[in-house]
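[1] Sharing a model that was predicted from the sequence below.
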Amino acid sequence: MSYIGHRRFLPRYHPYQFQKKAFNNEEEIEIALEPLKGEEILAQVQRLNFWLGKKKANSRATDINEKFAGRKNLFFSIDYWKSLYVRHTLDVMHIEKNVCESLVGTLLDIPGKSKDGFATRMDLDEMGVRKELLPRVGQNGTKLPPACYTLSREEKKNFCKTLFENKVPDVHLVREVKLCGPVYLRWIDQFERQMKILKDYVQNRDKPEGCIAESYIAKEAIEFCIEYLYEVDEIGITPKKYRFDVGLLLPSGCVVRIDHKLWVQVEIQLNESRNNILEALRWIAHGPRPEVIKYQGYEINGYRFHTKERDDLRVVQNSGVYLDANTFQISIAKDKNHVVANMSFYGVIQEIWELDYNQFKIPVFKCDWAENNRVIKKDEQGLTLVNLNRIGHKDDGFILASQPTQVFYVEDQLDPRWSIVIVTPRGEYIYDSREDLGDIMLEHRNSSNLMPSVELFDKNE
């Protein structure tokens, strides 16, 4: 299910751009168009006439301008409208609802909600593609052949179960977020909540407008006075006062005394990571205080990490971690020829510690890592699967908070022992004001290891 020509918006050299039979028998090699600026759109519609209301039915267009009349946006009459990067903030909640209903309705074949019907299949005949999906007329009526996305009854149950049980990180990244801020500050829910606040201002139902105006002015006056108070923030979302690369421990920590064996594991990790900082090494060699503070969350490098215990109480998942590290590898236990190679580790954060070395503090994660031997694999779609039930590396469970990449796990309904690994995009970006505000195009190298082979659909050509 895709729009013709929309494969250009995938990352460059994506395998889907070179597949033919799966789409419209053509490769998609064009580059995605960059969003037009307001000045460019205004230049295209500047000469067009427009009017308000409906046009008379008996009127006829006399020139090219009148044929396209009514297409020029009325907001361009505002002086600053053409200078806005985002001219229309669409409501995310309704868009997600409509798109989700269309996708789920098509996959589950819900009557009235599915986008796959007789008219859709006849469009394929007009386009000259996917002849095997055209409607078949028989004695018992017209039937639609099953498509690649047609699910059986058991597959529909697994699909619904996955949607119900799935937890994802709390991020939402699109171009508009970069320009307009977080989605939850500008979708329609925000205005509906504000209407609820304004309605609560009404004390005299005979004069509701006066009550709202009086209470609103009083609230604005109080917030104005707060600006002159020292170290007092106005009501709203607390501004983040930490550096992007340093990190921030989330509140509600507790002090505990740690066993000596765990201290040894932490010291090994710190000594390996701080070998170029002599002053820090002296304090590390001296040792931290015997008590550590345990936290439930930590923010660093654009990620928000939580412990598994906290994730179990929430509807999102922020405890999955991935680490790509160099390690010694041997073929058998008696092999003395160690080989240094790159290895991937997947795990779940169990505890977050803050080590106090008097002069500085170091946050570390205590994780349960999945075994690397026969518990990490790739399926035919190029997805990474890991068995989180088989825990390994029990003597090396600590990492620095700055080291891991955040991932989240989706249970494989065909085999619940395995979980699909999906990398979490960063929640924040560092960029200067001179960079392009268009969509970012990624260059994919070795993408054939991540997606299905192109030959799957074009092997007969």
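    All right, it came through fine.

[2] Packing partners of whichever strand or helix holds Glu209?
    Assessed by DSSP states H and E, Glu209 sits inside helix 208-226. Helices and strands touching helix 208-226, by 3 or more C-beta pairs under 8 Å, 6 or more residues apart in numbering; DSSP states H and E: there are none. Every C-beta, even on glycine, is put in place using the N, C-alpha and C of the backbone.

[3] okay, Ile349: pLDDT?
    Model confidence at Ile349, given as pLDDT, is 94.

[4] So it, which state does it fall into?
    Under DSSP: H, G, I helix; E, B strand; the rest coil, Ile349 falls in the strand class.

[5] Touching, it and Ser319? I think so.
    Yes: between Ile349 and Ser319 there is a contact at 4.6 Å, judged by C-beta atoms under 8 Å.

[6] list residues touching both of these two?
    Applying C-beta atoms under 8 Å, 6 or more residues apart in numbering, one finds that Ile349 and Ser319 are jointly contacted by 305-308.

[7] Of those - the most surrounded one?
    Compared across these, Phe305 has the highest neighbour count, 27 neighbours, by other C-beta atoms under 10 Å.

[8] How about that residue: what's its closest non-neighbour residue?
    Spatial nearest neighbour of Phe305, chain neighbours left out: Tyr298 (4.9 Å); criterion: C-beta to C-beta, 6 or more residues apart in numbering.

[9] hmm, back to that, can you tell me which of the shared contacts of Ile349 and Ser319 end up in helices?
    Counting by DSSP state H, these place Lys308 in helices.

[10] Now the two most distant members of the shared contacts of Ile349 and Ser319.
    Farthest apart among these by C-beta to C-beta are Phe305 and Lys308. That separation is 10.7 Å.

[11] residues shared between the contacts of these two?
    Common neighbours of Phe305 and Lys308 (C-beta under 8 Å, 6+ apart) are 319, 349.

[12] Count the neighbours of Ile4 for me.
    Here the number of neighbours of Ile4 (other C-beta under 10 Å) works out to 11.

[13] now swap in Val339 and tell me
    Number of residues near Val339 (other C-beta under 10 Å) recorded here: 10.

[14] Could you pull out the strands in the stretch 301-450 of the chain for me?
    Secondary structure of the stretch 301-450 of the chain by DSSP state E, counting those that start in this stretch: the strands cover 303-306, 320-329, 339-356, 361-370, 376-378, 384-386, 391-392, 398-400, 405-411, 419-423.

[15] Check Cys180 and give its pLDDT.
    Predicted confidence (pLDDT) at Cys180: the value is 75.

[16] and the nearest residue to it once chain neighbours are set aside, which of the three is it?
    For Cys180, ignoring the flanking residues on the chain, the nearest one in space by C-beta to C-beta, 6+ apart is Val86 at 5.6 Å. Here Val86 is recorded as coil under three-state DSSP.

[17] was I right about Gly357 contacting Arg282?
    Quick fix: residue 357 is Tyr, not Gly. No: checked against C-beta under 8 Å, the pair Tyr357 and Arg282 is beyond contact range at 9.8 Å.
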